[in-house]
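Participant: Need a 3D model of the following:
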Amino acid sequence: MYQGEKRKLYLSVKSEDNLPFEITSARYEVWNCDTNEKEAEGTCQIDDHVLSCVMKAQTTGLHEIRFYFQIAGEEIIRTIHVAVGKT
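Facilitator: From the prediction side, this is the model:
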C-alpha cells in the first residue's frame, strides 16, 4: 500500500466449532507502529461474518489495524499489519 491511497480492508470471522454466532458491533483503530500513535478509528461494516473498513494511509511505515468486535457479549480483538510506502 502507498501513502495517500484509500483501501478497503476485510476480516473474516469463523467459529472453530462451527456453532452459529452473530457479530453485534465492530470498530477499528489504525496505529502507526513506528510512532505508536493512533492515526484513525471508526466503525466497521458488518456483513454476516465479514468485517470491513476503509483505511487511508497518512504516513509511511508499518501500521497495525485493530478490529474490536462483539460476539455473545464478549469483546474480541484481532489485528492485521499493513506496510505503507512512498509513491
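Participant: how much space is there between the nearest residue to residue 57 once chain neighbours are set aside and residue 36?
Facilitator: Nearest non-adjacent residue to residue 57, counting by Cβ to Cβ, 6 or more residues apart in numbering: residue 84, 4.2 Å away. For every residue, glycine as well, the C-beta is placed using N, CA and C. Noted for residue 84: a distance of 15 Å to residue 36, by Cβ to Cβ, to the nearest Å.
Participant: try residue 81
Facilitator: 14 Å.
Participant: Report how many residues lie close to residue 53.
Facilitator: Using other Cβ atoms under 10 Å, the number of residues around residue 53 comes to 22.
Participant: cool, residue 63 as well?
Facilitator: 22.
Participant: Ok, the one 10 residues further on next?
Facilitator: As a burial measure, the neighbour count of residue 73 was computed by other Cβ under 10 Å and equals 6.
Participant: Could you pull up phi and psi at residue 5?
Facilitator: Main-chain dihedrals, residue 5, degrees, to the nearest 10: phi -70, psi 150.
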